[in-house]
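# The following comprises the amino acid sequence and a computationally predicted model.
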Amino acid sequence: MSLYTITGAQLAFGHVALLDHADFSLEAGERVGLIGRNGAGKSSLLKIVADLTKPDDGLVTRQQNLTTVYVPQEPEFDTDDTVFDALAAGLTHARALLDEYDAVANQLADEPEGEQHDALMARMNTLQSSLDAADAWNWSTRVATTLQQIGLNGEARVGSLSGGMQKRVALARALVVQPDVLLLDEPTNHLDFDGIRWLEELLVSLRAGLLFITHDRAFLDRVATRIVDLDRGRLLSYPGNFSAYQTRKAQQLEIERVENDKADKLLAQEEVWIRKGVEARRTRSVGRIARLVEMRNERAERRNVQGNVKLDVGQGEKSGKIVAELTDVTKRYGSRTVIEKFTATVMRGDKIGFVGPNGAGKTTMLKLILGELAPDEGTVRVGTNLQVAYFDQMRAQLDLEKSLADTISPGSEWVEINGQKKHVMSYLGDFLFAPERARSPVKSLSGGERNRLLLARLFARPANVLVLDEPTNDLDIPTLELLEELLTEYDGTVLLVSHDRAFLDNVATSVIASEGEGKWREYVGGFTDWQIQRDRSQQMALEAQKEAGKEAAKDAAPVKDNSAGRNAQRAAKLSFKEQRELEALPEKIAALEAEQKAIGAQLEDGSVFAKDAQEGTRLTERYAAIDEELLVALERWDELENKRK
């Protein structure tokens, strides 16, 4: 049985139907990625499943005593709370039950036998059952365990944490509840690469049903077992990850296009026929006329695929061949070295991605390259004739009180793109803004719409250097793919900060990566190329270290070989049974890892849930159980190794 089902859901804002007789269900252990265009109604659907709002119409069915937890895009906290208190806030209901239980117990101790005593006993029994069901007796231990699992300091103040760490606190607060269904709205926002990787591992091992909204295609590929596409009011389900969805969606849209073309052709033929005059054969044409009316109505009600944004960069004059040359550049903030002795040359036409943890200094590196910031040591030579257009992730360039038209072209109704004049209404239409919204204030726009407006403003100005600081936040997938295509064909220089791995892979020709302690290094290729090269370098350094260690040990060893005696001496500390156990542990660990990898491959594919939901649930539970077995085995192996030594 499904955890949650919604049938024939209808939801509208004004004349736009966000849900139009939509159907949706969620099975235990499923991980469903919800995608769709900006403004399609994804967050509204998430809130319906969370029971925070109701559809206008439709049947909603949920399992009895189903625990659902919703984590919004921007979680809210009391900034004065400790992290422990913030997590404990997720167990408000359990703590309230426990407080009431203590109060009833105190009353019962003072109450003589009688009707009131019996009523209190009955209430106490009910509370005890509720506390058992909610596992509320040890709520403090649950909070402490979750803090340890997520890697958070319970004594830290929430207000002192970065956006990425606050996102972790929000997820921990949801997980401490041990929900049956977890709902996440843009969970990767504010997380760096390590945070995203951590979240992927966490969600893949989760036993709860999961419904999440994200535009991160790599994240969808790794986590989702099913994709649900909210398209023109309907919820269309595609088993498997995002790559499988793309293939099937393209096929479906092609079939839809062919059918619509056929219907339009037939309608055009019937329109020609009726205009020729039907008076002479009136009695035989009544049915055909009725069919024509029906075809007209169907055509009027058809919701076509929403057009995509039309992107075109206003190309400035060519910059000099060298955009920037950095030689032994060092930058410090107080005692902290952000960049140490970094050397690089940025050439015209380069498309460079900057990667590293939050706070590593990516924005500082950008400002050094553009000459906006002077280094403490070393030299920066900035190229000639640079026309820089800047995309700010905080959207600080947008005046919330200004209208959309004034934001794009202050004091004029025209913009000039590549030497051609275009009316501001038409230009805004290229970015999917209707003419009636052109005079609306910026503050009326959603996050995704504000990003679209910022792109429109950016591309309305001639530039030969584009600086994009997290441009992918809140953009829907079709717009992301179009932006990738535009940047790939762009002749100028692109400096890009992003945590979207697929976007970096498709746009960047090289990566400048933070390697910790102020060290930065440039790698050829995109994000995946950087990972491969970095891992290979680390492996080679590790092997070189091992070889150096072996050589040092060989030089220090005495001439006489007493290794057999020493081994026997070391092994003597273990009993025969422990020695056998130690020898068997590596094989056991390898077998568990292989089993988990095989299960992970089945779960990532997602088809197991479509074929057999119970088997999918069983595999999810087994995956999590292997984690625990591996932990026990590794701890035992470490214990025996230490004893042997």
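Okay, I see it. Just so you know, these numbers come straight off a predicted model, no measurement behind them.
# Neighbours of Ala156, how many?
Taking other C-beta atoms under 10 Å as the criterion, the count of residues near Ala156 is 15. Placement of C-beta: from N, CA and C, glycine included.
# That one and Val83 touch, don't they?
Yes: with contacts counted by C-beta atoms under 8 Å, Ala156 reaches Val83, the gap being 5.1 Å.
# I'd like to check which residues are in contact with Glu480.
Actually, residue 480 is Leu. It isn't Glu. Leu480 is in contact with His215, Arg217, Thr472, Asp500, Phe503, counting by C-beta atoms under 8 Å, 6 or more residues apart in numbering.
# So Tyr523, which state does it fall into?
When the structure is split into helix, strand and coil by DSSP: H, G, I helix; E, B strand; the rest coil, Tyr523 lands in strand.
# what's the distance between it and Ser514?
12 Å (C-beta to C-beta, to the nearest Å).
# Could you do Val104 as well?
Using C-beta to C-beta, which is the criterion applied here, Val104 is 57 Å from Ser514.
# Same question for Arg452.
Following C-beta to C-beta, the distance that separates Arg452 from Ser514 is 30 Å.
# where does the closest residue to Ala170 other than its chain neighbours land in three-state SS?
For Ala170, the nearest residue in space outside its immediate sequence neighbours is Pro75; the separation is 3.6 Å by C-beta to C-beta, 6 or more residues apart in numbering. Using three-state DSSP, the secondary structure recorded for Pro75 is coil.
# okay, Pro75: pLDDT?
Per-residue confidence (pLDDT) for Pro75: 81.
# again, but for Tyr427
Predicted confidence (pLDDT) at Tyr427: the value is 80.
# cool, Pro375 as well?
At Pro375 the predicted local confidence, pLDDT, stands at 92.
# for it, what are its contacts?
Contacts here follow C-beta under 8 Å, 6+ apart; on that basis Pro375 touches Leu326, Val329, Thr330, Lys331, Ile339, Leu368.
# let's go with 6 Å and repeat that
Val329, Lys331 (C-beta atoms under 6 Å, 6 or more residues apart in numbering).
# you'd agree it is in a strand?
No: Pro375 is assigned coil when assessed by three-state DSSP, not a strand.
# Next, count neighbours for Ala594.
Burial of Ala594 is recorded as 10 neighbouring residues (other C-beta under 10 Å).
# give me the element it is part of.
Applying DSSP states H and E as the criterion places Ala594 in helix 576-605.
# Which secondary structure elements does that helix sit against?
In this structure, helix 576-605 makes packing contacts with helix 613-644, judged by 3 or more C-beta pairs under 6 Å, 6 or more residues apart in numbering; DSSP states H and E.
# Now do the buried residues in the helix it packs on.
Of the residues in helix 613-644, those scored as buried under the neighbour-count criterion (16 or more other C-beta atoms under 10 Å) are 613, 616-617, 619-620, 623-624, 626, 630, 633, 636-637, 640.
# Contacts for stretch 46-56 next, please.
When contacts are defined by C-beta under 6 Å, 6+ apart, stretch 46-56 is touched by residues Ala9, Gln10, Leu11, Thr68, Tyr70, Leu183, Asp185.
# nope, stretch 214-230 is what I was after
Defining contact as C-beta under 6 Å, 6+ apart, one finds that stretch 214-230 is touched by 30-36, 40-42, 188, 200, 203, 235-239, 241-243, 245, 477, 500-502, 606, 609.
# So for Gly287, what's the pLDDT?
Predicted confidence (pLDDT) for Gly287: 66.
# quick one, helices of the stretch 1-150 of the chain?
Counting by DSSP state H, counting those that start in this stretch, residue ranges of the helices within the stretch 1-150 of the chain are 42-49, 83-88, 92-110, 115-134, 139-150.
# Would you tell me which of the ones you listed gets closest to Gln166?
With C-beta to C-beta, the closest approach to Gln166 among these belongs to helix 83-88: 9.0 Å.
# got the buried residues for the lengthiest helix in the chain?
In the chain, ranked by residue count with DSSP state H as the criterion, the top helix is helix 242-275. Taking 16+ other C-beta under 10 Å as the neighbour-count basis, helix 242-275 is seen to contain the buried residues Phe242, Ala244, Tyr245, Gln246, Lys249, Glu270.
# need these in JSON lines with distance to Ile352 and pLDDT, can you?
Converted to JSON lines, the buried residues of helix 242-275 look like this (distance: C-beta to C-beta, whole Å; pLDDT from 0 to 100):
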{"residue": "Phe242", "distance to Ile352": "26", "pLDDT": "88"}
{"residue": "Ala244", "distance to Ile352": "32", "pLDDT": "85"}
{"residue": "Tyr245", "distance to Ile352": "31", "pLDDT": "87"}
{"residue": "Gln246", "distance to Ile352": "27", "pLDDT": "84"}
{"residue": "Lys249", "distance to Ile352": "32", "pLDDT": "81"}
{"residue": "Glu270", "distance to Ile352": "58", "pLDDT": "68"}
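# can those go into CSV with extra columns for distance to Leu97?
Putting those into CSV (distance: C-beta to C-beta, whole Å) gives the following:
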residue, distance to Leu97
Phe242, 41
Ala244, 44
Tyr245, 42
Gln246, 47
Lys249, 46
Glu270, 68
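# So which of these is the closest to Ala590?
Sorting those by how near they are to Ala590, with C-beta to C-beta, puts Ala244 at the top with 30.2 Å.
# what's the straight distance from one end of stretch 34-54 to the other?
18 Å (C-alpha to C-alpha, to the nearest Å).
# Stretch 406-425 now?
Using C-alpha to C-alpha, the gap from the first to the last residue of stretch 406-425 comes to 11 Å.
# Tell me who's in contact with the residue nearest to Asn385 when sequence neighbours are not counted.
With sequence-adjacent residues excluded and distances taken as C-beta to C-beta, 6+ apart, Asn385 is closest to Ser319, at 5.1 Å. For Ser319, the set of contacting residues under the criterion of C-beta under 6 Å, 6+ apart consists of Arg348, Gly383, Asn385, Leu386, Asn464.
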